[in-house]
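Q: For reference, the sequence and a predicted model appear below.
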Amino acid sequence: MTVLLQLLWLALPIIAAGLVHLAVMTLDLLPGLRRLPLDGGLTLRGRRLFGDNKTWRGAVVTIGTTTVAAWGVAKLSA
C-alpha cells in the first residue's frame with residue numbers, strides 16, 4: 001500500500017496540471033493564448049505539425065501548474 005501512495009504522491013503534480021487545464025478549457029480562460037498554435041502554423045506534408053489542438057494556453061497552464069504543484073509537493077515532503 002505504501003508504494004501505491006508514493007506513486008500517487010509523485011504523480012500529483014501531473015494530475016493537478018490536467019485538472020487545472022480542464023478547468024481552464026471549460027471556463028474558456030486565457031482566450032488569447034487559445035488562438036496561438038504551439039507550432040506557429042507549420043505544416044509537414046500538408047498536415048499541422050502538432051495538430052489543431054496544441055496551443056500556447058495548454059503549454060503555459062500545464063507547465064505552470066506542474067511547476068507549482070511539484071514545488072508544493074517538495075515543500076510538504078521536506
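A: Cool, the structure landed. Numbering: from 1, shown residues only.

Q: quick one: low-confidence ranges for this structure?
A: By pLDDT under 70, the chain contains no weakly predicted segment.

Q: what's around Asp18, how many residues?
A: Slight slip there: residue 18 is Gly, not Asp. 14 (other CB atoms under 10 Å). Placement of C-beta: from N, CA and C, glycine included.

Q: Secondary structure element holding the residue nearest to it when sequence neighbours are not counted?
A: In space, and not counting its chain neighbours, Gly18 is closest to Thr62: 7.5 Å by CB to CB, 6 or more residues apart in numbering. For Thr62, the element it lies in under DSSP states H and E is helix 56-77.

Q: Scan this protein for its longest helix.
A: Across the chain, the longest stretch assigned as helix under DSSP state H is helix 2-26.

Q: Who are the packing partners of that helix?
A: Counting contacts by 3 or more CB pairs under 8 Å, 6 or more residues apart in numbering; DSSP states H and E, helix 2-26 is packed against helix 56-77.

Q: Let me see the residues that make contact with the helix it packs on.
A: 9-10, 12-14, 16-18, 20-21, 24, 30, 33-34, 36-38 (CB atoms under 8 Å, 6 or more residues apart in numbering).

Q: Can you list the buried residues in that helix?
A: Going by neighbour count (16 or more other CB atoms under 10 Å), the buried part of helix 56-77 is 56-58, 61-62, 65-66, 69-70, 73.
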